[in-house]
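# build me a model from this:
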Amino acid sequence: MFVLLSVLPALAQSPQSSESEQLASPLVPGKINGTIIDQTGTPVFGAEAKLTHPDQTSAQEFQTDEDGNFYFTNVPPGDFQITIAVQGFAAKSVSGTLHSGESYTVPQITLALATEVTEVHVSVSPVEVAELEIKEQEKQRVFGLIPNFYVSYEPNPAPLNARQKMHLAWRSSLDPLTLAGVGFVAGIEQAQNAFSGYGQGAQGYGKRYGAALADVSVSTFLGSAVLPAAFKQDPRYFYQGTGSARSRLWHAVKSSFMSRSDNKHWGPNYSNIGGALATGAISNLYYPANDRGVGLTFGTAAIRIGESAGANIFQEFILRKLTPGLSHRPQQN
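Numbering: from 1, shown residues only. Sure, this is the predicted structure:
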């Protein structure tokens, strides 16, 4: 009986001792592996797989191999999260729980293509804006017939480059209504026997027509293309349209002597004045000998400058109303 009593305490203590030993046994690290593919089933090579734990005590990273596989070893047991990132695909995360000593295989991970939001900023250069404005100006005709190309009704027009200034000069000079107007002027001169050295008849009319056409062409190309390109000035008239009649009248007259430059500043209108003087000087080459001289030079220049001032006044107060298709355009301030 003594023996039995001595054995019973030992038997009673044995289970407690075993449970305590199990609780004290260390947790064994495990392994995690998996495969990453795209939506076509192709393995994703070079994807960055990052393994983290809730307590953020440790993190491991692995780049997938050619078969899209990743491996993590010596992973402590517990909850984990794997985040996948690779260029061109949307990021993806998976989570799970690793038990002590377990080799855990993550279910196959399929990545979706990234959804890109592309912002397209369309910018139009000043040259392209000016090109569009010129096309509109070339539609401007008084009564729908007479060219009215050299006026801008835009609130903030783009400057013209040299090519555009030359183009506008060509279109204006070669327009059929311009040529018809030259013929009308030559007819008046014929009737008044102006420049009598040309004589009368068809030959006299032809000479007057040629001289008038030369005046218009030289004046247009020099005053509205060549010199504006050289001095970087805009040859167009800029419609004001608002303010008192006095301020609008002054704006119209001033525009014959002051010009808006390509940088939108105002200064002396070298192009208009220089073009008028050059036209007067060149006209000495083809007008009758008895009409040539300083008087012809300055007389022609004065006529050209006066014509531009008168044309500007008509532009400001009359021609806009007689030019169809402009009612929808904003007025210049």
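# helix/strand/coil for the residue nearest the centre of the chain?
With distances taken as C-alpha atoms, centre = their mean, Ser123 lies nearest the centre of the chain, 1.6 Å away. Counting by DSSP: H, G, I helix; E, B strand; the rest coil, the backbone at Ser123 sits in coil.
# would you mind measuring from it to Ile134?
19 Å (C-beta to C-beta, to the nearest Å). All C-beta atoms are positioned from the backbone trio N, CA, C, and that covers glycine.
# ok, Asp38 next?
Asp38 is 53 Å from Ile134, by C-beta to C-beta.
# ok, now Glu48?
In terms of C-beta to C-beta, Glu48 sits 56 Å off from Ile134.
# with Ala186 instead?
In this structure, Ala186 and Ile134 are 30 Å apart, going by C-beta to C-beta.
# do you know how far the residue nearest to the centre of the chain is from Val216?
39 Å.
# now do the strands in the stretch 1-150 of the chain.
Assignment of strands within the stretch 1-150 of the chain using DSSP state E, counting those that start in this stretch yields the ranges 30-38, 48-52, 59-63, 69-75, 78-85, 92-98, 103-105, 109-111, 141-142, 146-147.
# in JSON lines, list those strands along with distance to Ile282 and mean pLDDT.
Compiled in JSON lines, the strands of the stretch 1-150 of the chain are given as follows (distance: least, C-beta to C-beta, whole Å; pLDDT from 0 to 100):
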{"stretch": "strand 30-38", "distance to Ile282": "76", "mean pLDDT": "94"}
{"stretch": "strand 48-52", "distance to Ile282": "77", "mean pLDDT": "92"}
{"stretch": "strand 59-63", "distance to Ile282": "79", "mean pLDDT": "89"}
{"stretch": "strand 69-75", "distance to Ile282": "85", "mean pLDDT": "92"}
{"stretch": "strand 78-85", "distance to Ile282": "75", "mean pLDDT": "92"}
{"stretch": "strand 92-98", "distance to Ile282": "79", "mean pLDDT": "91"}
{"stretch": "strand 103-105", "distance to Ile282": "94", "mean pLDDT": "94"}
{"stretch": "strand 109-111", "distance to Ile282": "77", "mean pLDDT": "93"}
{"stretch": "strand 141-142", "distance to Ile282": "28", "mean pLDDT": "92"}
{"stretch": "strand 146-147", "distance to Ile282": "23", "mean pLDDT": "90"}
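# nearest to Lys321, of those strands?
Nearest to Lys321, of all the strands of the stretch 1-150 of the chain, is strand 141-142, at 9.7 Å by C-beta to C-beta.
# contacting residues for the residue nearest to Gly197 when sequence neighbours are not counted?
Setting aside the residues directly before and after it, Gly197 is nearest to Pro288 in space (C-beta to C-beta, 6 or more residues apart in numbering), at 2.5 Å. For Pro288, the contact set (C-beta atoms under 8 Å, 6 or more residues apart in numbering) comprises Phe195, Ser196, Gly197, Tyr198.
# the residues you listed into CSV, with extra columns for secondary structure and pLDDT?
Converted to CSV, the contacts of Pro288 look like this (DSSP: H, G, I helix; E, B strand; the rest coil; pLDDT from 0 to 100):
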residue, secondary structure, pLDDT
Phe195, coil, 92
Ser196, helix, 92
Gly197, helix, 92
Tyr198, helix, 93
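# export the residues you listed as TSV, with columns for neighbour count.
Listed next are those as TSV, based on neighbours: other C-beta atoms under 10 Å:
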residue	neighbour count
Phe195	19
Ser196	12
Gly197	12
Tyr198	23
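# and the next helix or strand past the helix or strand where Gly275 lies?
Using DSSP states H and E, Gly275 sits within helix 270-282. Next in sequence after helix 270-282, counting helices and strands by DSSP H and E, comes helix 294-314.
# buried ones in that following helix?
Neighbour counts over helix 294-314 (16 or more other C-beta atoms under 10 Å) mark Leu296, Thr297, Thr300, Ala301, Arg304, Ile305, Ser308, Ala309, Ala311, Asn312, Ile313, Phe314 as buried.
# give me the domain ranges for the protein.
27-111, 126-322 (automatic domain parsing).
# hey, which of those is tucked in deepest?
domain 126-322 (a mean of 17; mean count of other C-beta atoms under 10 Å).
# low-confidence ranges in this protein?
Across the chain, the ranges flagged by pLDDT under 70 are 1-25, 56-57, 116-121, 327-333.
# same thing but at 50, please
Within the chain, the ranges that satisfy pLDDT under 50 run 1-22, 328-333.
# returning to what we had before: which strands and helices lie in contact with the helix holding Gly275?
helix 201-221, helix 227-231, strand 258-260, helix 294-314 (3 or more C-beta pairs under 8 Å, 6 or more residues apart in numbering; DSSP states H and E).
# including distance to Phe62, could the ones you listed go into a markdown table?
Output for these, formatted as a markdown table (distance: least, C-beta to C-beta, whole Å):
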| stretch | distance to Phe62 |
| --- | --- |
| helix 201-221 | 75 |
| helix 227-231 | 67 |
| strand 258-260 | 68 |
| helix 294-314 | 79 |
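# for Ala276, find the nearest of these.
Across the helices and strands packed on helix 270-282, closest to Ala276 is helix 294-314 (C-beta to C-beta), at 3.7 Å.
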